[in-house]
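Trainee: Take this sequence and fold it.
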Amino acid sequence: EDAAADDESILRRIRTYRIRPDSLRWIRTGKSYYADNRPTYIWRPGYFVSRAEIAAEDLDPPVGGENVFLARVFDSEAFYPWDRPNQVRNSETTAYGTKGRWDARKVKTLDKSLTAGPGGPAEARRVLGTAKKALDLAMGFEKDDA
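Mentor: Got it, this is the predicted structure:
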């Protein structure tokens, strides 16, 4: 129940700050994503935090130049440091995919990793479901502005 509310808060941010598809990213979180160091896929879906969100939520802006961003993953149960916006270099991210779809290979690998883990299919549905809803919203904003 709490996870569903947290995931809705992520989607509310996408709506409020009108996050566009070019801000949706695969973020390299590494193999040590979980606090208990269980193995997992090194990429997670998320987005670059906008300047408006940084200002409204009084977040520290990224430091390190134009290729450094704050990023948030689509996982309401993420462990530190991914439980909040985290500073990343652009080189630690890749585009979400193309034509309104998350990269199929990464989705399949993440789904397999999450399903096999302690969170099981429920974690996979939650993380990938939030990412899909976020992409649908972002694509809608892009169409509205066209």
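Trainee: Helix, strand or coil: sort out residue 128 for me.
Mentor: What DSSP: H, G, I helix; E, B strand; the rest coil gives for residue 128 is helix.
Trainee: shouldn't it be in contact with residue 112?
Mentor: No: contact criterion Cβ atoms under 8 Å: residue 128 and residue 112 do not qualify, at 11.2 Å. Every C-beta, even on glycine, is put in place using the N, C-alpha and C of the backbone.
Trainee: Any figure for the gap between residue 37 and residue 79?
Mentor: 10 Å (Cβ to Cβ, to the nearest Å).
Trainee: between these two, who's got more neighbours?
Mentor: Taking other Cβ atoms under 10 Å, residue 37 and residue 79 do not tie; residue 79 has more neighbours (13 against 9).
Trainee: residues in contact with that one?
Mentor: By Cβ atoms under 8 Å, 6 or more residues apart in numbering, residue 79 lies in contact with 33-35.
Trainee: confidence score at the most centrally placed residue in the chain?
Mentor: Closest to where the C-alpha atoms of the chain average out (Cα atoms, centre = their mean) is residue 46, at 1.4 Å. At residue 46, the model reports a pLDDT of 95.
Trainee: How much space separates it from residue 88?
Mentor: For residue 46, the distance to residue 88 - Cβ to Cβ - is 9 Å.
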